[in-house]
Each structure stands twice: as C-alpha cells, then as structure tokens.
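K.L.:
the following comprises the amino acid sequence and a computationally predicted model.
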Amino acid sequence: MQQEVIIVGGGMVGLSLALMLAKAKIAVKLLEAIQYPNYEDADLAPYHSSFDARNSALSRRSVQIYQELGLWDVLQQHATPILQVHITEQDSFGKARLLAEQEKVENFGQVIENAWLGRVLLTQVRQQPLIELIDGVQVTALTQDQDYAYIKALRGQQPLSLQAKLLIAADGRDSFCRQALGIGVDEHDYDQVAIVTTVQTSKPHQQVGFERFSPLGPLALLPLPGEYRRSVVWPVKKGTEQEWLGDDNDQHFLAALQQAYGDRAGKFQKTGKRFSYPLSQVLAEKQASGRVVLMGNAAHTIHPVAGQGFNLCMRDAYVLVRSLTEQLAKSSDIGEPRMLLAYEAARLTDQQRVIKFCDSVVRGFSNQNPILKLIRNTGLLAFDVVPGIKPLIANYAMGLKA
Ligand SMILES: Cc1cc2nc3c(=O)[nH]c(=O)nc-3n(C[C@H](O)[C@H](O)[C@H](O)COP(=O)(O)OP(=O)(O)OC[C@H]3O[C@@H](n4cnc5c(N)ncnc54)[C@H](O)[C@@H]3O)c2cc1C
C-alpha cells in the first residue's frame, strides 16, 4: 500500500530524499518555498540557495547512493574524481598526503557543481509519478496530534492545508518547522564567512584536492571539470569578507590565494565572482518529535571545512528510508513516533563523530599559538608515516564508515 509523506524543503536534501522514497515505492508530497526554473535551455545558472555557485565534494557513499538511484551517469557529466588529498599548513613544515591508489580505491569521492546537481535532481523529481512537487509554497504553520501532522501553507495568496502520517522537515538551517515544534538548537557562531568561487590556475589540477591551513582560515581547493578549474572555499574572519568580494577585487583576491598556496597550483590566473556564506554550527536538540523528523541542515548544520555536511545528510536520508520501509513491512503507520525515535538513535554515533571532527579541525587549526602549531605539524607528519592512520581517515572521509 502507498503511504503519503510530506517533505517541507526542496533543497539538496529534500529532493534527494524524495527520490530515495519514490524508489522505495513510498509516495511523497514535496513542498518548496521557491519557484523552480523550467530548464528549457541549457542554462546552468545558479538559481537557488542550495544550487548556487558552490561545488560539493561528494563522498564515495553519496556517489553510491546516486548510483543506486540511477542518477550517477548523468551527474558525473559535471563531476571530477578526487585522486589525491594534500593537507598542509602555511609557513609550516607539516604535510600529509592521501593517495587513492595507495588506499586501493578508485577515488576519494567526486566534486560536483551544485547547479548541475540541482538541475538533475529536479528534472528527475518532475518525472517521478510518486512525487507530487508543489513549489512556490511557504509553510506557515505546523501542528500535530497522535494521528497526523498538519501544515498550513501559502501559495501566493492561496492558502493550503495538508496533513500526513509523517512530516519530514528539510527546510534548512533556520528551519521554520523546527521552530514551530519548539525544538531548540545548540548554536555556535564560528565568526567566519566562507568565500566561495571558481578559479583557473596555470598548472592542471590532476584531480588533487588541497586543504591548506592559513592564518586567514582553512582554505580548500578542489578539482573541477576542466583541467585547470578549481573550486575555492575559504573561510575568513567575519567582517573581513568585503575585502574579497566585488568585481574590482579580482586581482587582490588572486594575489591573496597565491600567497596562501605558494606555487603548488601554479599561477592563479582568473577568478569567478565570489560569494559569501556565514558559518555557524547549528544542532537541533532533538531530531524526532511525534510524527515529525528533521533532516539535512534543519537537523545539523556544520562547518564546511571537510566537505562533510551534505554527505552526512545523505547517510541520514538513506537510513531513514530503510527504517520507513521496514516499518511499512510490519505496520500501516509510516510515521510511528517510536520508529522515528529509533531512527534518530541509530544515527547519533555517525552524526556526533562527523560534527566533532569538523568542529575540532576548525578550532584546532585556527589557533596560532606556536606550541599548538608544532603539535599540528608533528600530527600532520605522523599522519604521513604512522601505519594504519591513513586508511582510517580515508574511509572516514569517503563516508564508508557509517
Ligand atoms: C560554503 C559551503 C560549502 C559546502 N561544501 C560542502 C561539500 O563540499 N560537501 C558536503 O557534503 N557538504 C557541503 N556543504 C554543506 C551543504 O551545502 C549542506 O549540507 C546542504 O546544502 C544542506 O541542504 P538542505 O537541503 O538541508 O538545506 P537548504 O539547502 O537550506 O534547503 C532548504 C530548503 O527549504 C526551503 N524552505 C525553507 N523554509 C521553507 C518553508 N517555510 N516552506 C517551504 N520551503 C521552505 C528553502 O527554500 C530551501 O530550498 C557546504 C556548505 C557551505 C556553506
């Protein structure tokens, strides 16, 4: 029997989850505040807070999930595999390298353009008969009783009232649904803003990803389709971002990158427009409440330092769909509250590990104390020589440990 589920929020997580549910033969209504574009042309312009100029490092586990959904062949047209990862600190001797070949894997994951990911997911959602997509609709109220979750929404001036046995809130970091349920958050502002752009370098990237810890912040340079294109994510101190934004600052930005990276990537020749994202960690105090479950950034928003946020959400979504399928095999109630609590409990270990890891990398590398710097350098060197550490970290980064 088909059960109806409502998802609020059609960002990267909401769309991916809707497709996973449809594959499990679970019908879903997906509500999204923005009006999606029509894609009648070949335009790949960013159009949405999720599917913007950013690129996402997808772990091998996320790639596997898209393979299972039959989407990877299309997605990989705008993706680049990561064959090596180099971690270094500016003005320091420590360095660490991970090589896919040495770890006996094809790659450590793939970097994909968010605008492409969004376009492919949306196209697929529109073709899927088990998904009813309602866009341009703002959810304005959420309540629940023992049997149903109820929402009120506005589509332009038109009011909508809907109910479902299960409501999945994937409505982002500032989740309206989470607030409507009175679920608090544990929030930490990193006092940083991520500068995101695409650059061109004189040396080909050779599918190498760099993580460089500089006094300004941890700088990630990831390979993109096209031999010389690289994605930049550079968290800088909040308040200093204007120095790097704006069309007349291109040369200044390129010079700063050059200084931070040295000549590993050759000359930084061109830069695209820079975008900025304030960085904070926002963790919901609980993720399941009655017939509602929080997913994606609504459940946990983390620092992008290690490119783990969306990958973690994909693993959550995968496990949730498995729990729902098992639930339907034994009961007709797809939103059974105890099952949702069990889902949350099952995900906590993986979530806490990733959250702790990302948070300690940011805090650990931000401190310029010389003794801490020495410890970090020794740590990076040890990473390169101590047997057993690399496969552990590599598995973890690839998202295969969950
Ligand atoms: C700079 C940066 C780089 C990153 N890089 C990586 C990376 O390399 N790898 C990785 O794994 N992760 C990365 N992340 C994390 C990743 O971007 C997030 O995990 C992901 O975007 C979360 O998506 P989401 O769908 O949960 O939330 P969102 O993208 O915020 O989507 C929420 C959706 O809900 C809709 N919505 C909100 N309120 C309502 C309402 N009331 N009614 C209806 N709809 C509503 C919004 O319009 C939106 O479409 C990065 C993050 C940043 C900031």
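P.N.:
Cool, the structure landed. Residues are numbered from 1 along each chain as shown.
K.L.:
M295 and A170, how far apart?
P.N.:
M295 sits 4 Å away from A170, going by Cβ to Cβ, to the nearest Å. C-beta coordinates here come from the backbone N, C-alpha and C atoms, glycine included.
K.L.:
got any residues that touch both of those two?
P.N.:
Common contacts of M295 and A170 (Cβ atoms under 8 Å, 6 or more residues apart in numbering): 13-14, 17.
K.L.:
by neighbours, which of those wins?
P.N.:
Most neighbours among the shared contacts of M295 and A170, by other Cβ atoms under 10 Å: G14, with 29 neighbours.
K.L.:
so it makes contact with G172?
P.N.:
No: the pair G14 / G172 is not scored as a contact, 9.2 Å apart, by Cβ atoms under 8 Å.
K.L.:
just want the residue of the stretch 151-300 of the chain that's nearest the ligand.
P.N.:
Residue nearest to the ligand within the stretch 151-300 of the chain (Cβ to the nearest ligand atom): G296, separated by 2.3 Å.
K.L.:
list the contacts of that residue.
P.N.:
By Cβ under 8 Å, 6+ apart, the residues touching G296 are 9, 11-14, 170, 172, 313, 316-317.
K.L.:
grab the nearest non-local neighbour of it.
P.N.:
Take G296 and drop its neighbours on the chain: the residue closest to it by Cβ to Cβ, 6 or more residues apart in numbering is V13, 3.2 Å away.
K.L.:
same deal with V196?
P.N.:
F275 (4.9 Å).
K.L.:
what does A265 give?
P.N.:
Nearest in space to A265, with sequence neighbours left out and distances taken as Cβ to Cβ, 6+ apart, is T201 at 4.2 Å.
K.L.:
contacts only, for that neighbour.
P.N.:
Taking Cβ under 8 Å, 6+ apart, one finds 228, 230, 265-269 in contact with T201.
K.L.:
what's the farthest-apart pair in these?
P.N.:
Based on Cβ to Cβ, the longest span within the contacts of T201 runs between R230 and K267 and measures 12.4 Å.
K.L.:
which of these two has more residues huddled nearby?
P.N.:
Set R230 next to K267 and count neighbours by other Cβ under 10 Å: R230 wins out with 27 against 11.
K.L.:
and after the helix or strand where that one lies, which helix or strand comes next?
P.N.:
Using DSSP states H and E, R230 sits within strand 229-237. Counting by DSSP H and E, the next helix or strand C-terminal to strand 229-237 is helix 250-261.
K.L.:
for that next one, buried residues please.
P.N.:
Residues of helix 250-261 classed as buried under the neighbour-count rule (16 or more other Cβ atoms under 10 Å) are 250, 253-254, 256-257, 260-261.
K.L.:
need those residues in CSV with pLDDT and distance to the ligand, can you?
P.N.:
Putting the buried residues of helix 250-261 into CSV (pLDDT from 0 to 100; distance: Cβ to the nearest ligand atom, whole Å) gives the following:
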residue, pLDDT, distance to the ligand
D250, 92, 20
F253, 93, 16
L254, 95, 19
A256, 90, 18
L257, 89, 16
A260, 83, 17
Y261, 84, 18
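K.L.:
before we move on, back to that, run a quick neighbour tally on the residue nearest to V196.
P.N.:
Using other Cβ under 10 Å, F275 has 15 neighbouring residues.
K.L.:
got it, and Q207?
P.N.:
When neighbours are counted by other Cβ under 10 Å, Q207 comes out with 18.
K.L.:
list the contacts for the nearest residue to it once chain neighbours are set aside?
P.N.:
Using Cβ to Cβ, 6+ apart and skipping residues adjacent in sequence, the residue nearest Q207 is L83, 4.1 Å away. L83 makes contact with 99-101, 107-108, 206-208 under the criterion Cβ under 8 Å, 6+ apart.
K.L.:
which of those residues fall in strands?
P.N.:
Using DSSP state E to define strands, the subset of the contacts of L83 located there is 99, 208.
K.L.:
where's the closest residue to T271 other than its chain neighbours, which helix or strand?
P.N.:
Take T271 and drop its neighbours on the chain: the residue closest to it by Cβ to Cβ, 6+ apart is V199, 4.9 Å away. Using DSSP H and E, V199 sits within strand 185-201.
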